[in-house]
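Undergrad: Here is my input; please provide its structure:
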Amino acid sequence: MAPSAAPVVESPHQSTIENIESNLQPFYVLHKASSRKISRKSNLYEKSRKRTKLPPSNSNGIENPETDERDGSPLEHLRMEALELVWSKMETTIKDVLRDTNVKVFEDICRWAYESFSTIRSSGAPSSSSVTRPFPIVTRADCKILFAGLVLTKNMEVVDDLLSFEELGFHLKSQGCHVASLSSQELSAKSSIGGCVRSLLRQLLKVTVDAADMFILASWYREQGYYDNPIVVIIEDIERCCGSVLSDFIIMLSEWVIKIPIILVMGVATTIDALANVLHSNALQQLCPCKFILGSPAERMDAVVEAVLVRHSCLFSIGHQVAVFLRKYFLNQDGTLTSFIRAMKIGCVQHFSMEPLSFMLPRLLVEEENKDGNAAFLLDVLSKHASDLLSNSRYPLAERTGNDLGHILSELKRWQKGWSAVLLCLYEVGKFGKVQLLDLLCEALDPQLFRPITSENSRILQQGQGISSSSSCEVQYQFSSRKDGYICQAIGKLRDLPAEHLHKLLLSWEKITGYVPEIHDKVKDLLLAFKLGDGKSSEKDIADLAKRHASRRDLFVKNSKPMIEKAESFLSTLVSEHMRPIECIPFHELICFKDVRKLQLALIGDPRRRIQVDLLEFQKMIKCTCCSENRNGLLPCTHDSTIMYNLAQEHGDLINLHDWFQSFKTVVSHTHAKWNHRTKQCSTPKKRKDKPSLENKSDASVQARFCTAVTELQITGLLRMPSKRRPDYVQRVAFGL
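TA: Numbers count the residues shown, from 1 in each chain. Okay, the predicted model is just below:
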């Protein structure tokens, strides 16, 4: 076997704040990639026979952020305060949104639970003598029915539903129910029914009981006067439970249902037929199921994106590449809302750690609310660093007044209101074509679609706005969506809408644009023209139509096609005028996180590239004396895989196995002999036993080590094995060096 080297774990980045982001540490990879300039163009697969050149890296392999204001400075402290403020608001918003998406379902479950409880009580209360007996009441089979609510989560990953069932438990408790939750581990073959009963006693009685006896629960329920409220047992995911244990548990509860009116709420990830696949037939006969449906992961994702990244994007936003990566990460990599929220949290932490001025806008908003009067300090800081923000010169502010913070903040607020209103209007149309908000967001954030207006269009636009061509010297831009993109797909969906749906759409637009007066007034005019049919009637005509009880359908159908064309033209105008990506806003660096490379390394990592770096820079990983003294050479004591991969750099993409073996044999034999001879000259002339030299080893032993090292490189994906056409050659594979 080839000698192995002990792995060395790198230290975490110094900018990680333990008291704020301690729960994020497990999500960072152990080895971080070396820093690289974004503008550097690299050819990944060179055909020449050159050694792979590694980019310069620091000691721990992590790219350092801006060094103007380092740890311990006032700005570092302000950034951490801003991070805590911004993420606490985002986290609270996310929890509220997820709770609101399920409120209606929770209310339906609570109503059904009390109706089921009333049905159980209607069969008659047990007598005082039967209550004191430590066994179930013998009664008719129809009285042993156990009411079960099946909650369809539409999600294969239970991690997204843990919070939903936790909120359901809080809601039922607030309505007077006694609630206990059982996980799939408690309903496993290892725990058996006894573990389930002990868990119920521990959660309901608030004490630890060794005996798994249902009579203890029945006595507590009767003696404490809890008989007016049901007991709800929540099982988060029945498809992960042991079928035999769950079946026996249901049969046992049905025997005690008269004494202890227990109602089950069970989570089902796939379909309602999964219940028959898990439970035995005798357990299924004891259930009276009722179906409830939670919001799908896509619906909850759209709700979170709308609340955090669209409506409240003035404190923290993401760039186009980050949005595209998060979308792919949600759909392909993990597919859970929990992973998406975790990725946003990591991006938020990295933004406030990297950007020196990231605290400016959150701090200014706090001072506006509290009227602290420290804007002079923020203005002084901005004046020192404004030249570092490239967007300040690339996209100037309208009616700019220098680096005035109040003007910057007002411009960002104005942009955020108009941009979010137009995006939500597009989303309302896209719902008819099942277009997701995250897809629209990725396209709306693309800075490549924000292009300069042509001379003819610029002249028409200036005439429409009452601006003379001589007075406007700045280049004007507008948003041009892709013909095959989601925005054009949403706009084109207007043509297929019936008149009734168009009216509902205009009403939703009126509600969405309420905080943007210039758009809201135009929507009201469009809605008024739609109600009047031809757009030439007055308010008095509308009142007369209402008095005559005109049919709403007849009123809508009249001249609906011209109104659809007018609505389509109106929405296209809104997109071109207000859909300005965040990366095209001056000073967007204050709130926008764009470094998708760092986010990808934190979430997914780059293991293949990390392996290559470790093999080529083994002196930094294995800090032994011999390697530190011979940094430019390969020694026999080095790991065989490291020797092989370093020798492979002297070849091209195709490596001749015979030449490669001879080079490896030279390193492990002759190089060691020279090094050993030099060691003898420097040592004291004492008698000692000579260690066996590698020169005496047979070629078979060296060949075995060679084959083992080649296999290791193949397993790691750095080599492709020989083909039948060229059996004497292997192909070297490089990843991003």
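Undergrad: Can you classify S181 as helix, strand or coil?
TA: strand (DSSP: H, G, I helix; E, B strand; the rest coil).
Undergrad: measure it to R451 for me?
TA: Here the criterion is Cβ to Cβ, to the nearest Å. By it, S181 lies 54 Å from R451. Bear in mind the C-beta positions are built from the backbone N, C-alpha and C, glycine included.
Undergrad: who's more crowded, those two?
TA: Shown here are S181 and R451; by other Cβ atoms under 10 Å, S181 has more neighbours (19 against 11).
Undergrad: check contacts around the more buried one.
TA: Residues in contact with S181 (Cβ atoms under 8 Å, 6 or more residues apart in numbering) are F165, E166, G169, Q203, V233, I234, I235, E236.
Undergrad: From I238, how far off is it?
TA: 13 Å.
Undergrad: just the strands in the chain please.
TA: 146-152, 178-182, 231-235, 262-268, 287-293, 317-318, 450-452, 477-479, 592-593, 654-656, 719-720, 729-732 (DSSP state E).
Undergrad: what residues are up against the closest residue to I94 other than its chain neighbours?
TA: Using Cβ to Cβ, 6 or more residues apart in numbering and skipping residues adjacent in sequence, the residue nearest I94 is V304, 5.7 Å away. Neighbouring residues of V304 by Cβ under 8 Å, 6+ apart: I94, V97, L98, L337, F340, I341.
Undergrad: Give me the subset of these lying in helices.
TA: I94, V97, L98, L337, F340, I341 (DSSP state H).
Undergrad: Most widely separated two among those?
TA: V97 and F340 (12.8 Å; Cβ to Cβ).
Undergrad: would JSON lines of the contacts of V304 with neighbour count and distance to S219 be doable?
TA: Shown next, in JSON lines, are those (neighbours: other Cβ atoms under 10 Å; distance: Cβ to Cβ, whole Å):
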{"residue": "I94", "neighbour count": "20", "distance to S219": "42"}
{"residue": "V97", "neighbour count": "16", "distance to S219": "43"}
{"residue": "L98", "neighbour count": "20", "distance to S219": "38"}
{"residue": "L337", "neighbour count": "23", "distance to S219": "42"}
{"residue": "F340", "neighbour count": "22", "distance to S219": "47"}
{"residue": "I341", "neighbour count": "18", "distance to S219": "44"}
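Undergrad: and the least confident of the ones in helices among the contacts of V304?
TA: When those are compared by pLDDT, L337 scores lowest at 83.
Undergrad: Distance check, that one against D160.
TA: From L337 to D160 the distance is 5 Å (Cβ to Cβ).
Undergrad: any residues in contact with both of the two?
TA: Common neighbours of L337 and D160 (Cβ under 8 Å, 6+ apart) are P297, R300.
Undergrad: re the thing from before, right, and the strands of the chain - which one's nearest S358?
TA: That would be strand 592-593 among these, by Cβ to Cβ, at 8.9 Å.
Undergrad: residues touching K522, list them.
TA: F570.
Undergrad: Equivalent analysis for A274, please.
TA: I238, E239, V268.
Undergrad: can you do 7 Å?
TA: By Cβ atoms under 7 Å, 6 or more residues apart in numbering, A274 lies in contact with E239, V268.
Undergrad: For I512, which non-adjacent residue is closest in space?
TA: For I512, the spatially nearest residue (Cβ to Cβ, 6+ apart) is L424, at 4.9 Å.
Undergrad: Quick one: residues contacting I293.
TA: L152.
Undergrad: what's the pLDDT at I38?
TA: So I38 comes in at 37 (pLDDT).
Undergrad: Where does the prediction get shaky in the stretch 401-550 of the chain?
TA: 401-406, 453-477, 533-550 (pLDDT under 70).
Undergrad: Walking through it, point out its helices one by one.
TA: Here the stretch 401-550 of the chain has its helices, by DSSP state H, counting those that start in this stretch, at 405-430, 437-444, 455-465, 486-492, 499-512, 517-532, 539-547.
Undergrad: To G149, which of these lies closest?
TA: helix 437-444 (29.9 Å).
Undergrad: In PDB, list the C-alpha atoms belonging to the closest one.
TA: Coordinates of each C-alpha in helix 437-444 appear next as PDB, following Å, rounded to 0.1, in the frame of the first residue of the first chain:
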ATOM      1  CA  LEU A 437     -41.700  34.400  -9.200                       C
ATOM      2  CA  LEU A 438     -38.100  33.100  -8.800                       C
ATOM      3  CA  ASP A 439     -37.900  32.700 -12.600                       C
ATOM      4  CA  LEU A 440     -39.100  36.200 -13.100                       C
ATOM      5  CA  LEU A 441     -36.700  37.500 -10.500                       C
ATOM      6  CA  CYS A 442     -33.700  36.000 -12.200                       C
ATOM      7  CA  GLU A 443     -34.500  37.600 -15.500                       C
ATOM      8  CA  ALA A 444     -35.400  40.900 -13.900                       C
END
